[in-house]
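**Q** mind folding the following:
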Amino acid sequence: MSARMGLGMKLIHVVPHVGHEASGPSYSVPALCRALGRAGADVTLMTQTKDTGEEPLPESAGFRHVIHKEKGWPKALHPSPDMARALAGAAADADLMHNHSIWLWPNVYPGQVSRDTNTPLVSGPRGALAPANLAHGRLKKRIFWNLFQHVTYDQTSLLHATGEHEYRDLRAYGLRQPVAVVPNGIDVPEMVPEVAPSDTRVLLYLARVHPLKGLPLLLEVWRDLPADARAGWEFHIAGPSTDGHAEELQAFCRAHDLTDARFLGPLYGDDKWRAYAGADIHVHPTKHENFGVVIAEALASGTPVITTKGTPWEGVHDKDCGWWVERTHAALTSALTDAMARPRTVLTEMGARGRAWMTHEFGWDGLASQMLAAYEWVLAGRTGPAPDWVRVNG
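**A** Here you go, the predicted structure:
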């Protein structure tokens, strides 16, 4: 293995799978890889699929995507002997591997390969070690860690956290390696789609319709708002449903005659960006979010946001482009009442501040430069001063 630095650094990134404009790692990992490629690295993204017809993501400067077929047992852990073999072969000529996510076989293979080839390894659980996520299947996860997953983290030279919340989660789980705190980025659209003005004002939720996202509580808040507060407003809920959750919420709306709550289903591409641009406020009342790409997308579209302290978005309050509140009926009621009473001109000014913030601090190219500097520090033996965004102790 060579020790290329900066330009020409040969990198392998691993994430279990990527989906059609999915949020979370399925979006952020390919976006980071492409930005690393634009910065001069040679990046191979390895993923898996059950669908033999799935096509790799388009190649771009310094970036290629390789898909391996899942095969074997237990299927729930997504085994792929093809990926294990390919990763072992590729690591011999790689400078560094970066593993994203946890609890599946694709996230065990990098640790095994690093142990066998001495290829430096960076690992980021992508929110999976948050208490809310650990609570689901805790015993199974502990067994899997003790038998298999610990190998990856024993071999990890540098941890990757996408925010302060995750940094604290890593330390609380007992991991003591240096941590690069580098957030996810956002593709800030050059032009926000124009949406025809309407007398109806829109409160938008756009994300997976999943029990952890807090929609039952939000619909209760919406139901309990005074009629004059809701007058002239509609609540639009957009996103793919998980395990019939959208149908449960629709039943709640029918039972309480919430005719001003509309379910739009999944939105992608231009339809997604038009939904952001056409909303007066975006609301995301989640129990927990490692990053929350939908919050960044809404801000990038010029739409102010209301979100909860289960997300790492305290900045929406500090930058005066939204509300960051406790996940309670009272706090959400207060935020919605305040936001919905503001004139459109005021909300537009808040949205403009959010868009400027996203453009300045969350562009992918700047974040890729931070990640490359962290990689270089690892390849230099973690000697000398660490980059400012790498926490060595604590």
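**Q** name the residues of the worst-scoring helix or strand of the chain on mean pLDDT that are buried.
**A** When each helix and strand of the chain is scored by mean pLDDT, DSSP states H and E, helix 131-134 comes last, with a mean of 89. Neighbour-count burial for helix 131-134 flags 133-134 (criterion: 16 or more other Cβ atoms under 10 Å). Where C-beta positions appear, they are placed from N, C-alpha and C, glycine not excepted.
**Q** list the helices and strands it packs on?
**A** For helix 131-134, there is no helix or strand it packs on, judged by 3 or more Cβ pairs under 8 Å, 6 or more residues apart in numbering; DSSP states H and E.
**Q** mind exporting the C-alpha coordinates of that helix to CSV?
**A** The C-alpha trace of helix 131-134 is given here as CSV (Å, rounded to 0.1, in the frame of the first residue of the first chain):
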residue,chain,number,x,y,z
PRO,A,131,-29.9,6.0,22.3
ALA,A,132,-33.2,6.0,20.4
ASN,A,133,-31.7,3.8,17.7
LEU,A,134,-29.9,1.5,20.1
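**Q** so for the helix or strand following that helix, mean pLDDT?
**A** From helix 131-134 onward toward the C-terminus, using DSSP states H and E, the following helix or strand is helix 138-144. Average pLDDT, helix 138-144: 96.
**Q** my read is Ala180 is in a helix, agree?
**A** No. Using DSSP: H, G, I helix; E, B strand; the rest coil, the assignment for Ala180 is strand, not a helix.
**Q** biggest helix in the protein by residues?
**A** If you go by DSSP state H, the chain has its longest helix at helix 344-361.
**Q** and that one, how far out from the chain middle?
**A** Counting by Cα atoms, centre = their mean, to the nearest Å, helix 344-361 is centred 21 Å from the centre of its parent chain.
**Q** packing partners of it?
**A** Short answer (3+ Cβ pairs under 8 Å, 6+ apart): helix 344-361 packs on helix 293-300.
**Q** how far away from the center of its chain is the next helix or strand after the helix it packs on?
**A** In the C-terminal direction, the helix or strand that comes right after helix 293-300 (DSSP H and E) is strand 305-308. What separates the centre of strand 305-308 from the centre of its chain is 16 Å, taken as Cα atoms, centre = their mean.
**Q** and the helices in the stretch 151-300 of the chain?
**A** 164-172, 215-224, 227-230, 245-255, 269-278, 293-300 (DSSP state H, counting those that start in this stretch).
**Q** helices or strands up against the last one?
**A** Translated: helix 293-300. Using 3+ Cβ pairs under 8 Å, 6+ apart: helix 293-300 touches strand 201-206, helix 269-278, strand 281-284, strand 305-308, helix 344-361.
**Q** CA atoms only: put that helix into CSV for me.
**A** Taking Å, rounded to 0.1, in the frame of the first residue of the first chain, the C-alpha atoms of helix 293-300 are listed here in CSV:
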residue,chain,number,x,y,z
VAL,A,293,-30.8,16.3,5.3
VAL,A,294,-34.4,17.4,4.8
ILE,A,295,-33.8,20.3,7.2
ALA,A,296,-30.8,21.3,5.2
GLU,A,297,-32.7,21.0,1.9
ALA,A,298,-35.6,23.1,3.2
LEU,A,299,-33.2,25.8,4.3
ALA,A,300,-31.3,25.6,1.0
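**Q** average pLDDT for that helix?
**A** Helix 293-300 carries an average pLDDT of 94.
**Q** ok, now which ones touch the nearest residue to Leu218 once chain neighbours are set aside?
**A** Spatial nearest neighbour of Leu218, chain neighbours left out: Pro285 (4.6 Å); criterion: Cβ to Cβ, 6 or more residues apart in numbering. Pro285 is in contact with 205, 213-215, 217-218, 306-308, 327, 332, counting by Cβ atoms under 8 Å, 6 or more residues apart in numbering.
**Q** ok, now Tyr109?
**A** Tyr109 touches 14, 83-84, 87, counting by Cβ under 8 Å, 6+ apart.
**Q** I'd like to know which of the helices of the stretch 151-300 of the chain lies nearest to Pro79.
**A** helix 164-172 (26.2 Å; Cβ to Cβ).
**Q** buried sites along that closest one?
**A** Neighbour counts over helix 164-172 (16+ other Cβ under 10 Å) mark 165-167, 169-171 as buried.
**Q** now for those: which two are most distant?
**A** Checking those with Cβ to Cβ, the most distant pair is His165 and Arg171, at 11.3 Å.
**Q** neighbour-wise, which of the contacts of Pro285 leads?
**A** Most neighbours among the contacts of Pro285, by other Cβ atoms under 10 Å: Thr307, with 29 neighbours.
**Q** local confidence estimate at it?
**A** pLDDT, Thr307: 98.
**Q** and what of the one 5 residues further on?
**A** Note on Pro312: pLDDT of 89.
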